[in-house]
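J.: pasted the sequence and its predicted model underneath.
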Amino acid sequence: MPLPELPDEAVEIGAVVADWRSAVRVSGRVLERSGAATPAYADEMVRMIEEHGPYVVIAPGLALAHARPGPAVLADGLAIVTLAEPVNFGHPHNDPVRVVLGLAIKSSDAHLAAVAELANVFNDSNAIQALADATTVAEVQAIMGGS
């Protein structure tokens, strides 16, 4: 399964946030803006991290915010948010985070496939730094494999 399309409205560069919760909420707003999720999805993503800890910080500097498929997911979607200043999620090895990916997927099977596909993108250890340093939506889209 290929990753969801990454339209211009699914990218936010240089977001200014106070903490990890606001970083995750920005990714939720970007998913909402791109038509993938309702406002409730951001709350679900925050709740998952509050309940399960900073498991979403999957690599140094990178968080993959997501929640289970449900009524708050309108369509498969991916959001890329780069942060003006890094924030800590409380992960022992991978903090601070400079890039937050928001993932909304309608079915559980597709959710696992999308996470695996994202892992492939980030096998390139330079990808996170490149995303964090990107200054245009086109740069972000190119790093993520275009769309």
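T.: Everything's here; your move.
J.: for the rest of this, base every contact and every neighbour count on C-alpha atoms.
T.: Noted.
J.: which residues of this structure score low on pLDDT?
T.: Counting by pLDDT under 70, the chain contains low-confidence residues at 1-3, 146-147.
J.: centroid-nearest residue for it?
T.: Nearest to the geometric centre of the chain sits Leu101, at 1.1 Å (Cα atoms, centre = their mean).
J.: does that one sit in a helix, a strand or a coil?
T.: Classification of Leu101 by DSSP: H, G, I helix; E, B strand; the rest coil places it in strand.
J.: what sits against it?
T.: Ser27, Leu62, Ala63, Leu64, Ala65, Leu78, Ala79, Ile80, Val81 (Cα atoms under 8 Å, 6 or more residues apart in numbering).
J.: ramachandran angles for the second one?
T.: Reported as degrees, to the nearest 10, the phi and psi values for Leu62 are phi -130, psi 130.
J.: and the first one, by the same measure?
T.: The phi/psi pair for Ser27 (degrees, to the nearest 10) reads phi -60, psi -30.
J.: shouldn't it be in contact with Ile80?
T.: Yes. Between Ser27 and Ile80 there is a contact under Cα atoms under 8 Å: 7.0 Å.
J.: those two: which is more packed in?
T.: Each of Ser27 and Ile80 has its neighbours counted (other Cα atoms under 10 Å); Ser27 has more, 32 against 26.
J.: show me the contacts for that one.
T.: Contacts of Ser27 by Cα under 8 Å, 6+ apart are Ala42, Ala65, Ala79, Ile80, Val81, Val100, Leu101, Gly102.
J.: list the contacts for the third one?
T.: What it means is Ala79. With contact taken as Cα under 8 Å, 6+ apart, Ala79 is in contact with Leu6, Ala10, Val11, Glu12, Ser27, Gly28, Val30, Leu31, Leu101, Gly102, Leu103.
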